[in-house]
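Colleague: Return a 3D structure for these sequence lines:
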Amino acid sequence: MLVRWVRIVLGWNVLTILLGALVRATHSGAGCGRSWPTCAGVVVPRLQGATAIEFAHRAASGLALAGVVAVAVVVRSQTAKGHRARRTAALAVGAILLEALIGAAIVLYEWVGRDDSIARAVAVPVHLVNTLFLLAALTLTIWHLSGGGPLGRRGPTRRWVLAGGAALVAISATGAVTALADTLFPTDGPALLATVHFLTELRIVHPVLAVVVIAAAAFAIRGRSLPSTSAWRLLVGLTAAQLMIGLLNIRLGTPLWLQLLHLLAADLIWITYVWLAAQVLSSRDLSAAGEFVGARQTIPEHT
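Modeller: The predicted model follows:
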């Protein structure tokens, strides 16, 4: 039951991230004015237009924060002292609190709407990277609650896993900058190389980096014995789908629905990668902790 609850909280946080992208894409970040945590100075404003979109995101964020804190409290009460799930749940709380502070800064400094400042160009990817840390902490909480072993493997394997994670974070961060450029300087067609602002000059970095990383990964694993877990198969499938979505997104001029689908796929890739990394780095046999979709809902009494 506890594992299922953490999964629900993880899914809710993904939904909250998508709502945040909707706020950015529709220029609704100023829908509550320069007011936080209230909206336009009140708890529940008149819901219409940009205010409704921004308020929906804030409400979802508030529920996400409450859910993560509840997870940490329940995990602490239902696991033995020193259980690894306690640590990852606590990290999730720290991440979502930082998420709230970054969101507050974005609102209070008015890095919203059609603001195209350097400060916003920095805040947006930082905000996204922090959400990745939050999703990773929740995913690892599920791993440990499901009986997953300690992530103790070291040496070249650990370095490769960390390098892969860093590459995904870099792709996501540059993707956030590209999405911001697409929002502030939209095009009616494929104008990837159009440059009218420093943000549009950076637009090309994300797709190039993504292709280079995927090509390098394919080259690195050629001829090697690959994992047979469903997490690995899911990661490969999601990556292939994401490439197609990205190409279509560029070709069609980044319509809103494709932007959201692109971000959803990126979040699922990250969650799957973290789960696969836990399998690889675990000192136990990869089959011991089950798969992400069907993990055993047991809480070990010791670590």
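Colleague: in the helix or strand of the chain with the lowest mean pLDDT, what counts as buried?
Modeller: Of all the helices and strands that make up the chain, the one with the lowest confidence by mean pLDDT, DSSP states H and E is helix 198-201; it has a mean of 86. In terms of neighbour count (16 or more other Cβ atoms under 10 Å), helix 198-201 has its buried residues at 199-200. Where C-beta positions appear, they are placed from N, C-alpha and C, glycine not excepted.
Colleague: Then stretch 32-42?
Modeller: Burial within stretch 32-42, assessed by neighbour count using 16+ other Cβ under 10 Å, is assigned to 32-33, 39.
Colleague: Quick one: mean pLDDT for that stretch?
Modeller: Mean per-residue pLDDT for stretch 32-42: 88.
Colleague: gap between the two ends of it?
Modeller: End-to-end distance of stretch 32-42 (Cα to Cα, to the nearest Å): 9 Å.
Colleague: Run through who's touching that stretch.
Modeller: By Cβ atoms under 8 Å, 6 or more residues apart in numbering, the surrounding residues in contact with stretch 32-42 are 31, 45, 51, 54-55, 58, 62, 103-104, 107-108, 110.
Colleague: okay, now the domains of the chain?
Modeller: Recorded structural domains for the chain (assignment: automatic domain parsing) are 1-146, 150-293.
Colleague: Just the endpoints, please. Distance across the longest one?
Modeller: This means domain 1-146. From the first residue to the last, domain 1-146 extends over 11 Å; the measure is Cα to Cα.
Colleague: in whatever helix or strand Gly164 lives in, what's buried?
Modeller: When secondary structure is defined using DSSP states H and E, the element that contains Gly164 is helix 156-184. Buried positions in helix 156-184, judged by neighbour count with 16+ other Cβ under 10 Å: 161, 164-165, 167-184.
Colleague: For the residue nearest in space to the middle of the chain, give me its contacts.
Modeller: When the chain is reduced to its mean C-alpha position, the nearest residue by Cα atoms, centre = their mean turns out to be Leu132, at 3.8 Å. Contact criterion Cβ under 8 Å, 6+ apart gives 168-169, 172, 270 as the residues in contact with Leu132.
Colleague: Where do the helices of the stretch 151-300 of the chain begin and end?
Modeller: Shown for the stretch 151-300 of the chain, the helices assigned by DSSP state H, counting those that start in this stretch span residues 156-184, 198-201, 205-221, 230-251, 256-281.
Colleague: I'd like the mean pLDDT over the fourth one, please.
Modeller: When pLDDT is averaged over helix 230-251, the result is 93.
Colleague: Compute the inter-axis angle for that helix and helix 205-221.
Modeller: Note on geometry: by axes from the mean of the first three to the mean of the last three Cα atoms, to 10 degrees, helix 230-251 and helix 205-221 are set 150 degrees apart in direction.
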